[in-house]
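J.: Generate coordinates for the sequence data below:
(chains A and B)
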Number of protein chains: 2
Amino acid sequence: MPMPSLRDQLLTAGLETLHRRGFNATSVQDITDAAGAPKGSFYNHFESKEALALEALERYLENARPRRAILADARLPPLRRLRRYFERNVEAAVDAGLEPGCLLGNFGNELSSQSTPIRKRVDQAFSVWTDAVAAVIGRAQQEGAIESRLPPKALAEFVIQSWEGALLRAKVAKSRAPLDLFLKLTFSKILA
Amino acid sequence: MPMPSLRDQLLTAGLETLHRRGFNATSVQDITDAAGAPKGSFYNHFESKEALALEALERYLENARPRRAILADARLPPLRRLRRYFERNVEAAVDAGLEPGCLLGNFGNELSSQSTPIRKRVDQAFSVWTDAVAAVIGRAQQEGAIESRLPPKALAEFVIQSWEGALLRAKVAKSRAPLDLFLKLTFSKILA
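T.: Numbers count the residues shown, from 1 in each chain, chains lettered A, B, ... in the order given. From the prediction side, this is the model:
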């Protein structure tokens, strides 16, 4: 395996730092320090902290792909896939110590009024995620595993909104209880 | 009415600026500029930006009290109170242009890993809010207006988490649709 390029090291360190500390609390020097790179090197590779944040967001979405593949795993019935997918999301959030939360939620919260490119990319990522969840909800409705006749997209929007809120509440409470409550009510009330 | 003191002007401008732009994107000078006060005056009145943020949070919670009083309005049946309360929250978020969102959510998201006093105060405020909502849910269950036998506190936690997530999604989408969806599913599925 080739050595990661300095650019790649900056991107990896940038994603980690921005995810853990937020955009405005992270300086370019925090990122170069975390990457073990000289501060002056940053602008050889990225036009701005915002430009790096946009690329870090793409990396984050790529990293989320293997887990999201559970949604398309045809060996499991659709409702079982949905539950497993969100159970894995809970485990991952707990394993990460609850503080980092979801980068979409963090950037969306902190930067929607400050960066139009980041707001739009986050919005689009939420839409793609919603469509993926909605497709499985639609299948589960066809199979009769979900009785609700509400449009799959509305149910998916609500589930993802509620997931983001649960992550926020878990971060503040330093407790996984909001995430477990999300699982319980989502699968007993919303997707029922 | 007496002139507001300089301290009070700084607090008012601080709440407005921190709510709109976030903690780390706001400098002490942004606050003194917004208050029309000399920069040097800030530290005569507040020990730090964090100290002002904690007082701004108290002011925010006081400002939220009149709306929250709807929850205790005995002239309305409990479920009707809950719906009116959240409808008013939706209207207020829309009137504010969706961007500011909820200060508890914003501070909780941005500062939970950076300021223990702010995280704890936000956590406590969420708990008090949850108890107020849970009390009304309990009444509605006693009256038979909510059939769910889940503990009122769990239902209240979920509703507030989902509200926070809906506000975040609305901010990112620049659309009230996530808030309307919150109302629809909360009152047709969760509090049903």
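J.: can we go C-alpha only for contacts and neighbour counts from here?
T.: Will do.
J.: Look through chain A and state the residue closest to chain B.
T.: Nearest residue of chain A to chain B (C-alpha to the nearest C-alpha) works out as A:Gly165 at 3.8 Å.
J.: Helix or strand: which one has that residue?
T.: Secondary structure from DSSP states H and E places A:Gly165 in helix A:152-173.
J.: could you pull out the helices for chain A?
T.: Using DSSP state H, the helices of chain A run over residues A:6-21, A:28-35, A:42-45, A:49-63, A:65-68, A:78-95, A:103-111, A:116-142, A:152-173, A:177-185.
J.: Determine the set of other helices and strands touching the fifth one.
T.: Okay, so that is helix A:65-68. Judged by 3 or more C-alpha pairs under 8 Å, 6 or more residues apart in numbering or on different chains; DSSP states H and E, helix A:65-68 is in contact with helix A:78-95.
J.: So which bits of the helix it packs on are buried?
T.: A:Pro78, A:Leu79, A:Arg81, A:Leu82, A:Arg83, A:Arg84, A:Tyr85, A:Phe86, A:Asn89, A:Val90, A:Ala93, A:Val94 (16 or more other C-alpha atoms under 10 Å in any protein chain shown).
J.: give the contact list for the closest residue to the third one other than its chain neighbours.
T.: Read it as A:Arg81. Leaving aside its sequence neighbours, A:Arg81 sits nearest to A:Leu71 (C-alpha to C-alpha, 6 or more residues apart in numbering or on different chains; 5.5 Å). A:Leu71 is in contact with A:Pro78, A:Arg81, A:Leu82, A:Tyr85, A:Ala132, A:Val133, A:Val136, counting by C-alpha atoms under 8 Å, 6 or more residues apart in numbering or on different chains.
J.: Skipping its backbone neighbours, what lies nearest A:Leu103 in space?
T.: Among residues not flanking A:Leu103 along the chain, A:His19 sits closest, at 5.8 Å (C-alpha to C-alpha, 6+ apart).
J.: Show the contacting residues for that neighbour.
T.: Contacts of A:His19 were listed using C-alpha under 8 Å, 6+ apart, and they are A:Pro100, A:Gly101, A:Cys102, A:Leu103, A:Asn106.
J.: that older thread, need the helices of chain A in TSV (columns: distance to B:Pro178).
T.: Conversion of the helices of chain A to TSV gives the following (distance: least, C-alpha to C-alpha, whole Å):
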stretch	distance to B:Pro178
helix A:6-21	24
helix A:28-35	34
helix A:42-45	38
helix A:49-63	22
helix A:65-68	23
helix A:78-95	20
helix A:103-111	14
helix A:116-142	12
helix A:152-173	8
helix A:177-185	17
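J.: I'd like to know how many residues surround the nearest residue to A:Asp131 once chain neighbours are set aside.
T.: The shortest distance from A:Asp131 to any non-neighbouring residue, by C-alpha to C-alpha, 6+ apart, is to A:Lys153 (6.8 Å). When neighbours are counted by other C-alpha atoms under 10 Å in any protein chain shown, A:Lys153 registers 18.
J.: of the contacts of A:Leu71, closest to A:Ile31?
T.: Closest approach to A:Ile31 among those (C-alpha to C-alpha): A:Tyr85, at 31.6 Å.
J.: Can you pull the residues of chain A lying near chain B?
T.: Within chain A, the residues that sit near chain B (C-alpha under 8 Å from any C-alpha of the partner chain) are A:21-22, A:24-25, A:99, A:105-106, A:108-110, A:112-114, A:119-120, A:122-123, A:154, A:157-158, A:161-166, A:168-169, A:171-173, A:178, A:181-182, A:185, A:189-190.
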